[in-house]
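Chemist: Need coordinates for the following:
(2 chains)
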Amino acid sequence: MKLNRIGLILIVSALAVIAIVVGLLVQRQQATHAAQTDVKGLGLARALAALPAATLTPGVLQALFPYHDDSDFAYASVTDAAGRTIGEVVAPGTIVPAGPLPAGATSGFGKRTLAGTPGRNIVEFHGPVADRANGVAFVRVGFRQGGHAMLGRDVSFFASLALMMFLLVPVIYLVIKREMAPLAALASQVPGLGDLPAARRDAHDIRDLADTLDAYLRTATARIAELEKNALNTVADNRLLQYGSKKLNAALQSMPDGLLMLDPGGEVSFATSKIEPLLGVGLEELLAQPVDNWCRDAALAQLLLRCRNGGSDTVRGRTVEFCPVNVPGKHLTATAQPLTAGQGAMAFGTLIVVRDVTREHLARQAGNDFVAHVSHELKSPLNVITMYAETLADTEEPELRVESLNVIQDEVERMNALVGNLLNVSKLETGSMSPERNRVRLDDLLRDAHDHALPRAEGRDLRVQLDIPRELAAVAVDKDLFRIALNNLLTNAIKYNRPGGSVTLAAREEHNEVVISVRDTGIGIAPSDQLRVFEKFYRASERGAQAPRGGHGLGLYLAAQIIELHHGRIVLDSVPGQGSTFSIHLKMAPAALEGTTVL
Amino acid sequence: MNGHHILLVDDEPHVLRILRLSLEREGYAVTTASDGNEALAKMAERLPDVLISDIQMDGMDGRTLCPLARATYPDHPFLILVMTSMTAIEERGWARALANTEFLEKPLSPRQLVARLARHFSAPPAKMEHVNVA
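Modeler: Numbers count the residues shown, from 1 in each chain, chains lettered A, B, ... in the order given. Presented below is the predicted three-dimensional model:
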């Protein structure tokens, strides 16, 4: 036990302290004794030297000195200058050492140490006798040095001192033990504090405890540093997660489609902001609300309800198409997809993707309308052809037969033009139409188009005018394509004109451009239609036309596309009720092409 | 002249011309109009025994003309023949709702029209009554 060891150390150190104390005391006593001897010896020597020489006989000396009772007193003698003894008194067992006095003995008192018997040195005090009536004489007084027995009282003093000190040991031991108790308890607890090295688990004393605590503190410090690092990492991870989450949310919000997430209970738990304009329902109205509360679209409500009921319906995606009640004119599709992390993974509910298909719907409708219209356009000339063919077969009248043949030919041409436009549009859209641009004499091309338009115009009581300067810069165009564009513009100018009106085909040069314009005095185009007339299948309102011909919504589209292929532009200027002017702006053919073939 | 009056309505002059020729050759009295308004005006002058109308016309079209003609002359349930193409099949609902109204498919053969009219006028008047009730 560590406390026993402490007790042992205490006893040993107590003994050592006792020994040192006793030693010091003895030494001190000896020093005191020596000093006392000095005083005594010197005093005695001086006293003797002051006596008259005659009195310094042995008898007198014997009588005078009580010092022979002093255990250390060795001798007192009076000698003459030659060293002969005049008188002396000697303690028993002591011999006065012979020998001369030191050289300076006549001038004053001195002290010297002489070897005495047996083994004990003698301290001698000497001095000249004052009365020199009988010549020079010297006094010598000797004391034995050091030789002293410990006195009885000293022994008892030392013994009681040692005893007292010894008695202190158990007291100190008990006090230490008492003070150590909490530390011992602590020591027994420390090993349980943490992952301390196994060697440190059995602490024996304070140092072990200190080591253990030190080890614990180091371990704890390392642990704290590790935890702080982990905490930092956690914060960083958390930020990364937050960043990722925000990014994901931004991606969802940026999607062109609206998203609704239904929890397995069928309530909307998440919705992107796109939902609001699509369904016309505020996000706060639909989040965590029963479907019936906000959904006024039957098809969507039914889809959402099926998702709530869960089961096999949610496994495969389902799509419904509907027009939202709150947003007139819109067509939407809503597709339900089960929201799972993968095959067989946990289901989080259902994802509803709401997509605006208004454009597609309109395009589809336009396509359908177009097919219906084209069919009608084809059927009308077919109808006329059928009738005239029958008439041709039945009649013998030469005039009617000629008329029939002419009408049949006209109608065939009309059908041909429509079919031609359809094919050209198809080619344009598949990108297979590539213009072969050649330098062309524009006046020939325009005259040709004018001549072509004349018969159609005359049938409608219209004048067709040609207004071109004598000299006109050449342009590089694909002759066949350009003719289609011109014919389409002229056809419209005739079709949407009024009896007695006119169509003017003109050309002029203007800032490195050749501007070809087709001007009519027809019904004009409403401002709202003007931006859209070049769209495919778009047909302007025909209000105001007196003898209208249903257009097929391709003529202007085709014309604009062809002009675009020639890097030109087409400009519309129209006043409803007064007429329209379509102007084609083409770059003049560059000089480099001057030498090339002019067709 | 067989005395029957036919009103032809179409915005295509060629159609009007050929049908007029074919019907007049058979002895019908033929009046033509190029849209619904003109047809109603002609009707007011002389009620037809048969109204033959195209659907798609500018101005008043056939969709408007036929019900209006029926409503204007409830006591004269003349036969209405609507010239239509197969493509306008969804258009036929309104015509079905009208009594004594039938379709003529485009392209229209004048011979077939003549035959159809001959059948109509040779049928017993009982059929007319029946249709009238309907």
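
Chemist: what about residue A:249, how many neighbours?
Modeler: Neighbours of residue A:249 under the rule other Cβ atoms under 10 Å in any protein chain shown: 12. (Glycine included, C-beta is placed from N, CA and C.)

Chemist: Kindly report the same for residue A:102.
Modeler: 10.

Chemist: swap in residue A:389?
Modeler: 16.

Chemist: Do I have it right that it meets residue A:407?
Modeler: No - counting by Cβ atoms under 8 Å, residue A:389 does not reach residue A:407; the two are 9.8 Å apart.

Chemist: For the nearest residue to residue A:354 once chain neighbours are set aside, give its distance to chain B.
Modeler: Of all residues not flanking residue A:354 in the chain, residue A:258 sits nearest, at 4.0 Å (Cβ to Cβ, 6 or more residues apart in numbering or on different chains). Separation of residue A:258 from chain B (Cβ to the nearest Cβ, to the nearest Å) stands at 33 Å.

Chemist: Please identify the residues of the stretch 301-450 of chain A in proximity to chain B?
Modeler: A:371-372, A:375-376, A:379-380, A:382-388, A:390-391, A:394, A:400, A:407, A:411 (Cβ under 8 Å from any Cβ of the partner chain).

Chemist: Can you go through these and name the buried ones?
Modeler: Burial by neighbour count, judged by 16 or more other Cβ atoms under 10 Å in any protein chain shown, picks out A:372, A:376, A:379-380, A:382-388, A:390-391, A:400, A:407, A:411 from those.

Chemist: of all these, which two lie farthest apart?
Modeler: A:372 and A:400 (33.3 Å; Cβ to Cβ).

Chemist: Per the annotation, how does chain A divide into domains?
Modeler: Following automatic domain parsing, one gets these domains for chain A: A:2-152, A:255-356, A:362-424, A:435-593.

Chemist: among these, which is nearest residue B:85?
Modeler: Set against residue B:85 and scored by Cβ to Cβ, the domains of chain A come closest in domain A:362-424, at 4.4 Å.

Chemist: hang on, the earlier thing: now the domains of chain A in JSON lines, with mean pLDDT?
Modeler: Shown next, in JSON lines, are those (pLDDT from 0 to 100):
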{"stretch": "domain A:2-152", "mean pLDDT": "78"}
{"stretch": "domain A:255-356", "mean pLDDT": "82"}
{"stretch": "domain A:362-424", "mean pLDDT": "86"}
{"stretch": "domain A:435-593", "mean pLDDT": "84"}
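
Chemist: Near chain A, which residues of chain B are found?
Modeler: Counting by Cβ under 8 Å from any Cβ, chain B sits next to chain A at B:11-12, B:14-15, B:18-19, B:21-22, B:56, B:58, B:85, B:87-88, B:106-111.

Chemist: Just want the phi and psi numbers for the residue lying closest to residue A:521 once chain neighbours are set aside.
Modeler: Counting by Cβ to Cβ, 6+ apart, residue A:501 is the residue found nearest to residue A:521 once chain neighbours are left out, at 3.9 Å. Main-chain torsions, residue A:501, degrees, to the nearest 10: phi -80, psi -170.

Chemist: Pull the contacting residues for residue A:501.
Modeler: A:462-463, A:520-522, A:579 (Cβ atoms under 8 Å, 6 or more residues apart in numbering or on different chains).

Chemist: got any ranges where chain B has weak pLDDT?
Modeler: For chain B, applying pLDDT under 70 flags the ranges B:1, B:86-91, B:124-134.

Chemist: run the last query once more with 80
Modeler: Chain B contains residues with pLDDT under 80 at B:1-2, B:58-59, B:85-95, B:123-134.
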